[in-house]
Structures are given as C-alpha cells and as structure tokens.
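Enquirer: Mind looking at a prediction? Sequence and model below.
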Amino acid sequence: MSYGIDELERLPISNRLIRNIHAILLDSVRGKNKQPGEFRKSQNWIGGSNLSNAYFIPPHHSEIEELMNDFEKFLHNEDIFVPHLIKIAIAHYQFETIHPFLDGNGRIGRVLITLYLVSNGLLKKPSLYLSDFIEKHKPTYYEKLSNAREFNDLTGWIKFFLEGIISTANSVVETFQKILALKVEMDREILDFGKKAHNAGKLIEFLYQKPIVSVSEVVEMLDVSKQTANVLIKEFEAKGILIEVTGYKRNKNYAFKRYLEIYSQS
C-alpha cells in the first residue's frame, strides 16, 4: 500500500503499477512461487479442487492482457459519468472476475480500491480499507459477485459494496476519535515524567508511527544512551503504556498496548 501511494506521484493506476505491487505483495509470503509481478500464463479457478468442481472459472489466460488493458482504460475513462464509489465498485467486480494473477488477487483487488480513492482525491491518506468488512461478510461477498456474473445483478453487488464503504468509514471515524482521546490522555501522563517529559513526549509520538519498538530503536530515535532508553521504557511499562511482548531476556520488543487495543476493537 505504501509503495502504491508513493508511486501515484509518478504513475497513474496502471497494469505496470498493479504488477509492481503484486511482486512486492508476494515477496517471501504465500504465493511467492506463483509468478509474482506477472499476469498468469495458465488457467486458475476459485473454490473446489480442480476445474471440474470449481465454484468459478476466470477467463482463459490468453485473454488476460486484453482484459486488463480494458480494465485500465475503464479506470481512466472520463466519459463515463458515474460517481467514483460506483465506478470503483464496478472495477473491483471486473478485476476479481478477470482474476489476472495465480495468487493474491483478493489482496490486490482490495488495495486497488484504496489506491483509486486516494488517486481521485476522495482520501488524503489510505485510511479506508475494506478487507475487514469483506472477511466478516465473505459468503455474501462471493454471492454478490456471483450474482453479478450469472444474473447480471450488478445493482446488488454495488449496494453491497457501498454498504461496506459506509460500515468501514464509520469504523475508521470511531477509531480516529479513540486515538484522539488517547492522545489527550497521553499528553496528560507525559506531565508526570518531570525532567524526562521531553523525551517521553518524543517517544509517544514515535509510538504512534511504530507501536512496537526495541530498545535500540528508542536509543536511535531519541539519540540517548542505552541506559537512558531502558530507564524510560521501564517507566512506560510501570504506567502500562508499554508491555514487553517477546518474553525474551535479550532483544526484547515493547508494544504500545492502549494504541494497539483500539485497532483490535475496531
């Protein structure tokens, strides 16, 4: 996602960008041997153990290049006067139906929703991501996509997609409100650090960006000695701001517990 957002400064959403993101997505994870960064050169299927009992069989691999070129043109076709949210709903259906990669299509499809919203100015930051909503409603998600393909019920799919946007947006707003409340709480607690308040404040700001840290990272970020970093971390632990999460005697990592809990509850 970060790579895609950065690349939008230089590239529009395109097949080239999509393939580059796919190569990063599959690096050293599930699917790493399934042509990362390349459109598939063989037939794939969804559900079932083979083509004969598959839930859905995407287009033949010989058609992928043409279909993805059409997909790219659709994203940038300014003669189609539909709201952006409806356009990206249709595009997501189109992408998932083409299923251009051997693996990672769902993940890439969800990233593309956010990239499209950012590239068209609906979002300033990639703060809206539908993955959680889709996971929670996976049977309905597949059903709506299938109905669009088999019965031309694109309206049913678009309504489901927009419900996901609404639900996710409300969740994001609620999460941000909790983070702002936490920030007010943390600003008050920083005052209790006395002479260490300056370094404590800098550490808190760092933890919003990187909520799991090591002592060496704190040393580097604050430009302090290892002893000073350890003392500060111990005080953060005593106040329940940080908790040690590895259980190791060395190479410990500490998590910003209250911050991470906001995301686990959202």
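Expert: Received the coordinates, thanks.

Enquirer: by contact count, what packs against whatever helix or strand Val184 lives in?
Expert: Element membership of Val184 [criterion: DSSP states H and E] is helix 154-190. Helix 154-190 sits against helix 84-98, helix 131-136, helix 138-151, helix 197-209, helix 257-265, with contacts defined as 3 or more CB pairs under 8 Å, 6 or more residues apart in numbering; DSSP states H and E. All C-beta atoms are positioned from the backbone trio N, CA, C, and that covers glycine.

Enquirer: Among the ones you listed, show me which one is buried the most.
Expert: helix 84-98 (a mean of 19; mean count of other CB atoms under 10 Å).

Enquirer: which residues are in contact with that one?
Expert: Identification of contacts with helix 84-98 by CB atoms under 8 Å, 6 or more residues apart in numbering yields 58-59, 64, 67-68, 71, 74-75, 80, 82, 105-106, 108-109, 112-113, 116-117, 120, 122, 145, 148-149, 154, 157-158, 161-162, 165.

Enquirer: again, 6 Å this time
Expert: With contact meaning CB atoms under 6 Å, 6 or more residues apart in numbering, helix 84-98 is reached by Leu67, Phe71, Leu75, Gly109, Ile113, Tyr116, Asn120, Leu122, Ala148, Trp157, Ile158, Phe161.

Enquirer: now for those, which pair is the farthest apart?
Expert: Leu67 and Leu122 (25.7 Å; CB to CB).

Enquirer: re earlier: so which of the contacts of helix 84-98 is the closest to Met186?
Expert: Distances from Met186 to the contacts of helix 84-98, taken by CB to CB, are shortest for Leu122, at 30.5 Å.

Enquirer: ok, so what distance separates the closest residue to that closest one other than its chain neighbours from Asn152?
Expert: Nearest residue to Leu122 in three dimensions, chain neighbours excluded: His84, at 5.8 Å (CB to CB, 6 or more residues apart in numbering). Separation of His84 from Asn152 (CB to CB, to the nearest Å): 23 Å.

Enquirer: Could you do Phe193 as well?
Expert: Plainly put, Phe193 is 63 Å away from Asn152 if you go by CB to CB.

Enquirer: same question, Ile80
Expert: Here Ile80 is placed at a distance of 18 Å from Asn152 (CB to CB).

Enquirer: so how many other residues sit close to Lys239?
Expert: Applying other CB atoms under 10 Å, we find 13 residues neighbouring Lys239.

Enquirer: ok, the closest residue in space to it that isn't next to it in sequence - how many residues close by?
Expert: Leaving out its chain neighbours, the residue that sits closest to Lys239 by CB to CB, 6+ apart is Glu189, at 6.3 Å. Neighbours of Glu189 under the rule other CB under 10 Å: 15.
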